[in-house]
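> Return a 3D structure for these sequence lines:
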Amino acid sequence: MSLIARTRKGAIGKLVLSPVRHRQRVALLFAAFAIGYGVIAARLVHYGQVSESDMTASIPRSPGAIASRPDIVDRHGQLIATDVNLVSLYAEPRRVVDPNEAIEKLASVIPGLDWADLHRKLTSDTGFQWIRRQLTPRQQAEIMRLGIPGVGFRPEKRRFYPGGPVASHIVGHVNIDNQGLAGIERYLDRQGLADLRDIGLTDATDLKPVRLSIDLRVQSIVHTVVVDAMKNYRAEAAGAVVIDVDTGEVLAMASAPDYDPNEPSRRLVDGAIDKDYEKGWFNRMSNSAVEMGSTFKAFTLAMGLDAGVVCLNSVIDASRPLKMGGFLIRDFHGRGRPLTIREVFRYSSNIGTAKVADLVGLDNHQRFLSRLGLLSRLQTELPEVASPAAPRHWKKINSATISFGHGLATTPLQTAAAAAALVNGGMFRHPTFIAGSNARSQMDGTRVIEAATSAKMRELFAYNGTQGSGRNAQVSGFDVGGKTGTAEKVINGRYAKNLNFNTFLAAFPMHRPRYVVLTIVDAPLSGERGGRLAAYNAAPMVRDIITRAAPLLGVRPSFGDQKASPLMNY
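Numbering: from 1, shown residues only. As a prediction, the model looks like this:
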């Protein structure tokens, strides 16, 4: 066979074999595609059969992450705090196809992402990583449109406070897992809400709203007055509280500086974090024990009147300083003469007050203040409550200085609650922030002074309100009585001669008191008419609060009512 013949035969053989090999290759290609699609289909079926709980089994289940909290409302049903439904974004790193691409896409939607930290999370060999908690609905929609493999959303709750800082020191705030950290929010967790959350009974349950005693309208007024006072008087802090004397219910309480419970941990000012913002967490009305100054003279005189050692017309020799235990007690505005009890109160005589305490006796003095709750930690719903600071062993000099408000530190809220008993007929009630019935509150009261003593104290408050240091708190038609307190501020255990802690304790209307108002101004550098004493800053705060809040509280003005008398019996 020739070479040409062999070549043709080989070519013909190749032509004959070519279609067979082609079919084999096509078959192999189809088989490869079938296997690949089969694997994908199997995985899809697997994912379809796996429940959401199984897929997110690696997610750290913090007890409060999706738990509900009850709404918090004021005494009239106005909303103070509520839950808002949000979602949080998480990733399953093992299922993220391209971490760099995922980070780039997410950064286009979520501001402030830490690229390095997120890259570490997405490239880790873990089953779950949080990316960002509590996204907005718009952010969720935009991320869903990006279609990033390996990321998902989990429904959560976020607490929302419509009023912002208006009632922050009462309502408190929660953490990112909706767990109460302060105020009434923390109180609710301590009352069993945390236990219900732990066993999952709050996730899909309509919880009954918690109704507080505060009136949001009055709360807003008090908050505004307090914030303005701190600014206008150039003070370190300011505060105020309004208490119903017949029930112990707190109608309003504010402390400045304050904070926004919607952003409890930080606040941006001109693009930078405000380092002083967290100072607003501190509630000076309930969590700060301070010397209340001359407001304590009201308790001392009530004690003397109730013990029968003095009456309103009794005369106390205040003509010269009082020597006691190596100390010399003087009057700031001394008259240099004997004073009646009315004048001791009006002229705020340290000498006269100390002598009344001495007439009552050391042990009786301690017992009286204990009955008023001034020597023990205040009982109320707020967790943030300071304990009083009193001498461990009382001596005669301690009783003397405490009689006019030095040497014993109590909280302003505690002082206001005790003062309510002086004007309401003699019944002490622990202050409450939860709305309740008057009948129950009346039953819970404890008599601390006689009704006749309370009537005499109302006369003293009314007298000082019109003739003494309370004149700057007077509101025409509302018969305001009260007592100023100007104490040297204690810094590092020593009295600062140039800084005051000012207070004003008031009640109205004095012919039948319904409310006690107490204001504080910490280290003011100014006041009305340039004065730095309590009469020029703490007293005007009371005037501003009563002027605006009294009509909302249902107190009708009275002009020239001859039947209205501070000695009116209950």
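
> Might you list the low-confidence residue ranges for the stretch 351-500 of the chain?
Along the stretch 351-500 of the chain, segments meeting pLDDT under 70 span 437-443.

> Residue 366: which element?
helix 362-371 (DSSP states H and E).

> Identify all contacting residues around that helix.
299, 303, 306-307, 357, 360, 375-376, 394-396, 399, 402-403, 408, 428, 446, 448 (C-beta atoms under 8 Å, 6 or more residues apart in numbering). C-beta coordinates here come from the backbone N, C-alpha and C atoms, glycine included.

> The spatially most central residue of the chain: what's it in contact with?
With distances taken as C-alpha atoms, centre = their mean, the residue of the chain nearest its centroid is residue 169 (1.6 Å). By C-beta under 8 Å, 6+ apart, the contact list for residue 169 reads 183, 253-255, 258, 283, 285-286, 384.

> now it: how far from residue 129?
Using C-beta to C-beta, to the nearest Å, residue 169 is found at 36 Å from residue 129.

> CA atoms only: put the helix or strand hosting residue 238 into CSV for me.
Assessed by DSSP H and E, residue 238 sits inside strand 237-244. C-alpha atoms of strand 237-244 as CSV (Å, rounded to 0.1, in the frame of the first residue of the first chain):
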residue,chain,number,x,y,z
ALA,A,237,-26.7,72.5,88.8
ALA,A,238,-30.4,73.1,89.6
GLY,A,239,-33.5,71.1,90.4
ALA,A,240,-37.1,71.1,91.6
VAL,A,241,-39.9,68.8,92.7
VAL,A,242,-43.6,69.1,93.2
ILE,A,243,-45.4,66.8,95.6
ASP,A,244,-49.1,66.3,96.4
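
> In contact with residue 306: list those residues for me.
368, 449-450, 453.

> how does it look with 6 Å?
Contacts here follow C-beta atoms under 6 Å, 6 or more residues apart in numbering; on that basis residue 306 touches 449-450, 453.

> Strands along the stretch 101-250 of the chain, start to end?
With DSSP state E, counting those that start in this stretch, the ranges of strands along the stretch 101-250 of the chain come out as 129-135, 151-160, 210-211, 237-244, 250-256.

> Save those strands as JSON lines, and put in mean neighbour count, distance to residue 330 and mean pLDDT too.
Formatted as JSON lines, those follow (neighbours: other C-beta atoms under 10 Å; distance: least, C-beta to C-beta, whole Å; pLDDT from 0 to 100):
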{"stretch": "strand 129-135", "mean neighbour count": "17", "distance to residue 330": "60", "mean pLDDT": "87"}
{"stretch": "strand 151-160", "mean neighbour count": "18", "distance to residue 330": "53", "mean pLDDT": "88"}
{"stretch": "strand 210-211", "mean neighbour count": "20", "distance to residue 330": "50", "mean pLDDT": "96"}
{"stretch": "strand 237-244", "mean neighbour count": "26", "distance to residue 330": "29", "mean pLDDT": "98"}
{"stretch": "strand 250-256", "mean neighbour count": "28", "distance to residue 330": "33", "mean pLDDT": "97"}
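
> so the closest residue to residue 222 other than its chain neighbours bridges to which residues?
Nearest residue to residue 222 in three dimensions, chain neighbours excluded: residue 252, at 4.1 Å (C-beta to C-beta, 6 or more residues apart in numbering). Beta bridges link residue 252 to residue 242, judged by DSSP bridges.

> distance of residue 252 from residue 212?
Computed with C-beta to C-beta, the distance linking residue 252 and residue 212 is 11 Å.

> And residue 286, by the same measure?
Distance from residue 286 to residue 212, by C-beta to C-beta: 15 Å.

> hmm, back to that, could you list every helix and strand in contact with the strand holding residue 238?
helix 216-232, strand 250-256, helix 412-423, strand 515-522 (3 or more C-beta pairs under 6 Å, 6 or more residues apart in numbering; DSSP states H and E).

> Tabulate the ones you listed (CSV), appending distance to residue 159.
Formatted as CSV, the helices and strands packed on strand 237-244 follow (distance: least, C-beta to C-beta, whole Å):
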stretch, distance to residue 159
helix 216-232, 17
strand 250-256, 20
helix 412-423, 24
strand 515-522, 29
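
> Would you tell me which of these gets closest to residue 264?
Nearest to residue 264, of all these, is strand 250-256, at 14.9 Å by C-beta to C-beta.

> Could you check how far the closest one is from the centre of its chain?
9 Å (C-alpha atoms, centre = their mean, to the nearest Å).

> measure residue 254 to residue 214 for me?
To residue 214, residue 254 is 10 Å away according to C-beta to C-beta.

> swap that for residue 426, please
Distance, residue 426 to residue 214, by C-beta to C-beta: 26 Å.

> So these two - more neighbours on which side?
It is residue 214, of residue 426 and residue 214, that has more neighbours when counted by other C-beta atoms under 10 Å, with 29 against 22.

> Surely that one touches residue 74?
Yes - counting by C-beta atoms under 6 Å, residue 74 is a contact partner of residue 214 at 5.4 Å.

> one step back: next secondary structure after the helix holding residue 366?
Next in sequence after helix 362-371, counting helices and strands by DSSP H and E, comes helix 396-403.

> Need the contact partners of the helix or strand following that next one.
The first helix or strand that comes after helix 396-403 along the chain, using DSSP H and E, is strand 409-410. Strand 409-410 has contacts (C-beta under 6 Å, 6+ apart) with 289-291, 374, 388-389.

> And stretch 539-549, by the same measure?
Contacts for stretch 539-549 (C-beta under 6 Å, 6+ apart): 218, 221-222, 225, 229, 472-473, 475, 478, 504, 506, 508, 517, 519, 528.

> for the stretch 51-200 of the chain, what spans make up the helices?
Ranges of helices in the stretch 51-200 of the chain, per DSSP state H, counting those that start in this stretch, are 52-55, 99-107, 115-122, 137-146, 168-171, 183-188, 194-198.

> Tell me the gap between the fifth one and the middle of its chain.
Here the centre of mass of C-alpha atoms in helix 168-171, compared against the chain's by C-alpha atoms, centre = their mean, lies 3 Å away.

> Mean confidence (pLDDT) on it, please.
Mean pLDDT, helix 168-171: 97.

> CA atoms of it as CSV?
Provided in CSV are the C-alpha atoms of helix 168-171 (Å, rounded to 0.1, in the frame of the first residue of the first chain):
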residue,chain,number,x,y,z
SER,A,168,-35.2,61.6,82.0
HIS,A,169,-34.3,61.4,85.6
ILE,A,170,-37.7,59.9,86.5
VAL,A,171,-38.2,57.5,83.6
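
> What is the end-to-end distance of stretch 372-385?
Length of stretch 372-385, first residue to last, C-alpha to C-alpha, to the nearest Å: 17 Å.

> For that stretch, which residues meet the burial criterion?
Residues 372-375, 378, 380-385 are the ones in stretch 372-385 that count as buried (16 or more other C-beta atoms under 10 Å).

> re the thing from before, now do the strand holding residue 238 against strand 250-256, angle only.
On the basis of axes from the mean of the first three to the mean of the last three C-alpha atoms, to 10 degrees, strand 237-244 is oriented at 180 degrees to strand 250-256.

> Okay, angle between strand 237-244 and strand 515-522 too, please.
Calculated by the same axes, to 10 degrees, strand 237-244 forms an angle of 170 degrees with strand 515-522.

> Give me the residues contacting strand 237-244.
Residues outside strand 237-244 that contact it (C-beta under 6 Å, 6+ apart): 222, 226, 229-230, 250-256, 284-285, 413, 416, 420, 431, 515-522.

> Narrow those residues to just the buried residues.
When the contacts of strand 237-244 are checked for burial by 16+ other C-beta under 10 Å, the buried set is 222, 226, 229-230, 250-256, 284-285, 413, 416, 420, 431, 515-522.

> what about the helices in the stretch 201-350 of the chain?
With DSSP H, counting those that start in this stretch as the criterion, the stretch 201-350 of the chain has helices at 216-232, 297-307, 341-346, 350-360.
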